[in-house]
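Engineer: Got a sequence here, can you model it:
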Amino acid sequence: MEVLLESQLGNIDETGVMLEQYLEALSLSPSGPTTSYARASAMIPFINRISHGADRSDLARKWAETVLASPSVAPLLTFDARVGIALLAVQQDDVTAAREQYAELESEQGTIWSRVMAAGPGVYKLLLVCGRHHKA
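Structural biologist: Below you'll find the model as predicted:
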């Protein structure tokens, strides 16, 4: 997603505008355990960490929980939702929640899911570093 690229490049103003546009478009789509919800639940905390902009953690958590509550969601979407919750836990200094999510995600290390995330915004690598920090 272009908004992640802008945030990684440090274009904070563009990131804010693009994030708001994305969230507006997402609010018009049907709610549920969708790819958009899962991706946004991981993307929002990642952008928050970089840009220190408008905190949309409440939306990220809500969408991640929607995805995780579904009994028939694809594993990649579950992975994205867990990454989002884990990053939120790290940002909010919630060591217990960070450990829980790290334990869930640790089993994915070396799988295709972790490779997809590592190839993207690097969220998985960031999470591993943060998770190990909180694990200590």
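Engineer: Quick test: name the residue nearest the centre of this protein.
Structural biologist: Ala42 (1.2 Å; C-alpha atoms, centre = their mean).
Engineer: could you say which helix or strand contains it?
Structural biologist: helix 35-51 (DSSP states H and E).
Engineer: how far does that helix sit from the chain's center?
Structural biologist: Centroid separation for helix 35-51 versus its chain: 4 Å, with C-alpha atoms, centre = their mean, to the nearest Å.
Engineer: can you pull the pLDDT of the residue nearest to the centre of the chain?
Structural biologist: For Ala42, the pLDDT comes out at 85.
Engineer: what about this structure, any weak spots by pLDDT?
Structural biologist: Along the chain, segments meeting pLDDT under 70 span 1, 51-54, 108-136.
Engineer: show me where it has helices.
Structural biologist: 2-8, 12-28, 35-51, 57-69, 75-91, 95-106, 112-119, 123-135 (DSSP state H).
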